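Chemist: got a structure for you, letters missing:
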């Protein structure tokens with residue numbers, strides 16, 4: 001199997017450090033959220049994960065409709081991803097995810113079918129399946 005794309009990002013200083021991609025496009029400070037006792041004022045790994053998952057899932061929705069009569073276009077879909085950090089009961093932590101997908105121009109049952117298919121092909125969904133609880137909510141317009 002050939003790799004379609006890969007990238008590398010380096011982290012320095014953990015949750016209160018910085019991250020930088022090998023191409024220099026991503027170069028930013030990190031901060032522990034205020035809710036976890038930090039100063040805030042910068043992004044954190046959970047926000048970055050939520051951003052990546054939302055964008056990737058949105059594209060998965062578009063992808064699964066390419067061969068269908070009604071194609072979902074960029075302007076027809078909005079995905080919101082909430083990532084939570086919770087104790088795992090073993091002195092560690094785990095993630096929980098809620099994905100809200102809003103699709104314009106389709107009936108509710110069709111929107112649910114599309115989102116279910118997208119969840120089966122999305123790389124983020126596939127990477128965390130069985131390890132992270134994901135709640136899907138679908139809204140049709």
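Modeler: Alright, I've got the coordinates. Computed from a predicted model, the values in this text were never measured in an experiment.
Chemist: domain parsing for this protein?
Modeler: Split into domains by automatic domain parsing, the chain comes to 1-43, 45-140.
Chemist: where's the residue nearest the centre of the chain, which helix or strand?
Modeler: For the chain, the residue nearest the mean C-alpha position is residue 53 (1.4 Å; CA atoms, centre = their mean). Per DSSP states H and E, residue 53 falls inside helix 45-64.
Chemist: ranges for the strands of the protein?
Modeler: Applying DSSP state E to the chain gives strands spanning 9-12, 18-21, 27-29, 77-87, 93-103, 133-140.
Chemist: Need the winner for burial among those.
Modeler: Mean neighbours per residue, mean count of other CB atoms under 10 Å, is largest over the strands of the chain for strand 93-103, with a mean of 18. (Glycine included, C-beta is placed from N, CA and C.)
Chemist: out of everything not next to it in sequence, what's closest to residue 22?
Modeler: What sits nearest to residue 22 in space, not counting adjacent residues and going by CB to CB, 6 or more residues apart in numbering, is residue 8, at 4.5 Å.
Chemist: And that neighbour, how close does it get to residue 112?
Modeler: Residue 8 sits at a distance of 37 Å from residue 112 (criterion: CB to CB, to the nearest Å).
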